[in-house]
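Colleague: Only the shape, not the letters, is given here:
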């Protein structure tokens, strides 16, 4: 402690449970500042994963399908998850198999860059499927 006071620095316990306790002489204020700076830098480099939604219709034409597919691929390449949904209206509720086929075709088209996180499932009037980007090797 005397040595730390002579140098105008702080005595910091590094490993207090060790026998004898390990201490270090340092400028604690400067240490805290640098630690906060490192944490701020790490936070800046983080990427938050968002969920983007692509809505398909039951009787979607090929060009519309490809447009929605390109949007989904763009989202996935950016690192976001994609929620693919189909809304059933009126008599469409009687043909969920067409919706499953559309979802299956969409998943196969995205299979190079994305994997199916949750397979297509009918929930009320909506059919939902989640796609996540494949991890890079």
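Modeller: Arrived safely, thanks for sending. On a predicted model such as this, the values are computed, not experimentally measured, just so you know.
Colleague: Please make it C-alpha for all contacts and neighbour counts, starting now.
Modeller: Fine.
Colleague: Give me the most central residue, this protein.
Modeller: With distances taken as Cα atoms, centre = their mean, the residue of the chain nearest its centroid is residue 49 (2.7 Å).
Colleague: any idea how far the nearest residue to it once chain neighbours are set aside lies from residue 73?
Modeller: Closest residue in space to residue 49, ignoring its immediate chain neighbours: residue 80 at 5.1 Å, by Cα to Cα, 6 or more residues apart in numbering. Counting by Cα to Cα, to the nearest Å, the gap from residue 80 to residue 73 is 10 Å.
Colleague: still on that earlier bit, helix, strand or coil for the residue nearest to the centre of the chain?
Modeller: For residue 49, the assignment made with DSSP: H, G, I helix; E, B strand; the rest coil gives coil.
Colleague: In the helix or strand encompassing residue 101, which residues are buried?
Modeller: In this assignment (DSSP states H and E), residue 101 forms part of helix 96-109. Buried residues in helix 96-109, counted by 16 or more other Cα atoms under 10 Å: 96, 99, 100, 102, 103, 104, 106, 107.
Colleague: could I get those residues as CSV with pLDDT?
Modeller: As requested, these are exported to CSV (pLDDT from 0 to 100):
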residue, pLDDT
96, 91
99, 91
100, 94
102, 93
103, 93
104, 94
106, 93
107, 92
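Colleague: out of those residues, who's nearest residue 45?
Modeller: The closest of the buried residues of helix 96-109 to residue 45 turns out to be residue 107 (Cα to Cα; 30.4 Å).
Colleague: The residue nearest to residue 49 contacts residue 51, correct?
Modeller: Yes: counting by Cα atoms under 8 Å, residue 80 touches residue 51, with 5.9 Å between them.
Colleague: More neighbours: which of the two?
Modeller: Under the criterion of other Cα atoms under 10 Å, the comparison of residue 80 against residue 51 puts residue 80 first, with 20 against 16.
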